[in-house]
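> Dropping the sequence and predicted coords here.
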Amino acid sequence: MVAIDTNIVVRLLVNDDPAQTIKVKALFTTEKIYIPKTVILETEWVLRGVYTLDRAAINNPLRALLSLEQIIAEDETILFNALDSYQEGMDFADALHLASSHRATSFATFDAKFKSSAKKLSLKPTVISL
């Protein structure tokens, strides 16, 4: 199994460097691929910030990637829960923080928008303001 970095995921999803994309596709056909959840977090940030892709153009390819047979994702259920919340309008980083905190009874923040989004979507744990 080979763990991969954000730049590998971005090459695969954006195909902005055909020579590198060929190498990535070859890797994906010969190896089981492990993707840390931090790589997915950074990938969303790069696709949104650098490539200015919209929510659907980020969410759908990430879901497809994580669903591939050769992919083993860290905390896969948490990632899909975060992508669900992201699809519903929540910031992806906030969604991932909250989904990763499933063992807690509450999540404290100063971010009013985060609290409002979580409340609107009825997410757990409950987001509280300090």
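Sure thing, it's come through. The structure displayed is predicted, hence computed values, not measured ones.
> Please count neighbours and contacts with C-alpha atoms only from this point.
Noted.
> and the strand or helix carrying Phe114, how far from the chain's centre?
For Phe114, the host element (DSSP states H and E) is helix 112-120. Centroid displacement of helix 112-120 relative to its chain, using CA atoms, centre = their mean, to the nearest Å, is 19 Å.
> Show me which residues of it are buried.
Of all the residues in helix 112-120, those buried under the rule 16 or more other CA atoms under 10 Å are 114-115, 117-118.
> quick one: average pLDDT of it?
Averaging pLDDT along helix 112-120 yields 96.
> So which bits of the very next helix or strand once past that helix are buried?
Sequence order places strand 126-129 as the next helix or strand after helix 112-120, per DSSP H and E. Of the residues in strand 126-129, those buried by neighbour count under the rule 16+ other CA under 10 Å are 126-128.
> returning to what we had before: quick one: list the elements packing against the helix holding Phe114.
Packing contacts for helix 112-120, counted by 3 or more CA pairs under 8 Å, 6 or more residues apart in numbering; DSSP states H and E, involve strand 126-129.
> Can you give me the distance of the residue nearest in space to the middle of the chain to Thr6?
By CA atoms, centre = their mean, the chain has its centre lying nearest to Ile40, at 3.9 Å. As judged by CA to CA, to the nearest Å, Ile40 and Thr6 stand 7 Å apart.
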